[in-house]
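>>> sequence-free structure coming up:
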């Protein structure tokens, strides 16, 4: 499959942002639960598990955020490239080659020396028996 379904990429990126927000809410709830459990006695194991869960949730939130940003950046870059291609195809944007200035070397026109405008461009050799002029 060589094509990118742009709408799908954008939708997945937005879904990942939504999932990230849900995970952040769960992370806040786990923080509140951890504070409550620390005040109770005989809950050290539960508190340790909650702290591990919070650390893992932090990692997941970071990864989901990175994936979402990546997908949305891909969609943005793809749309920008597609717009540039379309503009060039529709001749809205024209690309012109770079101009190179220099000395032109015209050769093979010795038979046309009689044309006035070419006299200065065709080298007249003294061996022809003619003078410069």
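Arrived safely. Please read these numbers as outputs of a predicted model, since none were measured by experiment.
>>> and the helices in the protein, which stretches?
6-39, 44-89 (DSSP state H).
>>> okay if I get those helices as TSV plus distance to residue 95, mean pLDDT and mean neighbour count?
C-beta coordinates here come from the backbone N, C-alpha and C atoms, glycine included. Shown next, in TSV, are the helices of the chain (distance: least, Cβ to Cβ, whole Å; pLDDT from 0 to 100; neighbours: other Cβ atoms under 10 Å):
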stretch	distance to residue 95	mean pLDDT	mean neighbour count
helix 6-39	25	85	14
helix 44-89	7	87	13
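>>> so what's residue 27 closest to, chain neighbours aside?
The spatially closest residue to residue 27, leaving aside those adjacent along the chain, is residue 57, at 4.8 Å (Cβ to Cβ, 6 or more residues apart in numbering).
>>> so that neighbour makes contact with residue 29?
No - counting by Cβ atoms under 8 Å, residue 57 sits too far from residue 29 to count as a contact (10.2 Å).
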